[in-house]
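Trainee: Pasted the sequence and its predicted model underneath.
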Amino acid sequence: MLEKRPSGLLRFFFKVPLFMHKLGFGGWERLIGAQWMLLTTTGRKTGKRRETLVDVMDYDKATDTYYIEAAYGSQADWFKNIQANPRFEAQVGRRKFTAQAENLNEGDTGEMLVQFFRRKPAYTRSVMAMVGMKFKDEEELRTLGKNLTLLAVQPRKG
């Protein structure tokens with residue numbers, strides 16, 4: 001989990017993908033080997049719609065489950081919004097759906113991060129380096145992953 005939120009230029013850099021998505025350019029992230037999910041939550045204090053983009057770390061087609069990571073763990077505003085209002089909207093590519101989320105346990109988060117790294121090593125290293133998280137090998141990455149908050153997101157039934 002990140003200790004402090006980015007500021008200045010780095011904060012702007014992290015907001016650019018959301019702006020591009022709002023302009024209708026969603027899906028361009030595949031050009032850099034990433035897949036993102038647009039979350040639209042209800043603000044726990046204001047009741048207003050709030051949007052954010054998160055990395056899709058994996059997708060299990062058999063269970064129709066997306067796995068996403070909260071960079072700020074339980075301190076992420078969107079995470080707190082989902083805890084307060086569990087019904088939220090999600091969009092991956094052109095697919096939009098009403099969703100529900102469940103936290104993964106600590107053991108699964110480390111392994112999920114290692115699997116993501118194996119599929120996308122350059123992307124994983126660059127994103128983690130941008131937020132000040134460096135690792136030498138998969139075991140160190142697995143240990144870092146145990147401190148992260150990962151969620152399983154599925155289309156809401158009914």
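Mentor: It's in.
Trainee: contacting residues around L151?
Mentor: Y67, I68, E69, A70, F79, I82, A101, E102, N103, L104 (CB atoms under 8 Å, 6 or more residues apart in numbering). Every C-beta, even on glycine, is put in place using the N, C-alpha and C of the backbone.
Trainee: Okay, and which of the residues you listed map to helices?
Mentor: F79, I82 (DSSP state H).
Trainee: Mind checking which of the contacts of L151 are buried?
Mentor: For the contacts of L151, a burial check counting by 16 or more other CB atoms under 10 Å picks out Y67, I68, E69, A70, F79, I82, A101, L104.
Trainee: which one of the residues you listed is nearest T42?
Mentor: I82 (9.1 Å; CB to CB).
Trainee: where does the closest one land on pLDDT?
Mentor: Note on I82: pLDDT of 95.
Trainee: I'd say it and A101 touch.
Mentor: Yes - the criterion here is CB atoms under 8 Å, and I82 meets it with A101 at 5.6 Å.
Trainee: Identify the contacts common to those two.
Mentor: F88, L151.
Trainee: So for stretch 40-54, first residue to last residue, what's the gap.
Mentor: One end of stretch 40-54 sits 11 Å from the other (CA to CA, to the nearest Å).
Trainee: May I see the buried residues of it?
Mentor: Within stretch 40-54, the residues that count as buried by 16+ other CB under 10 Å are T40, T41, T42, T52, L53, V54.
Trainee: Other residues contacting it?
Mentor: 17-18, 21-22, 36-39, 68-70, 77-78, 80-85, 88-91.
Trainee: circling back to that earlier point, nearest to L113, of the contacts of L151?
Mentor: Nearest to L113 among the contacts of L151, with distances taken as CB to CB, is E69, at 7.9 Å.
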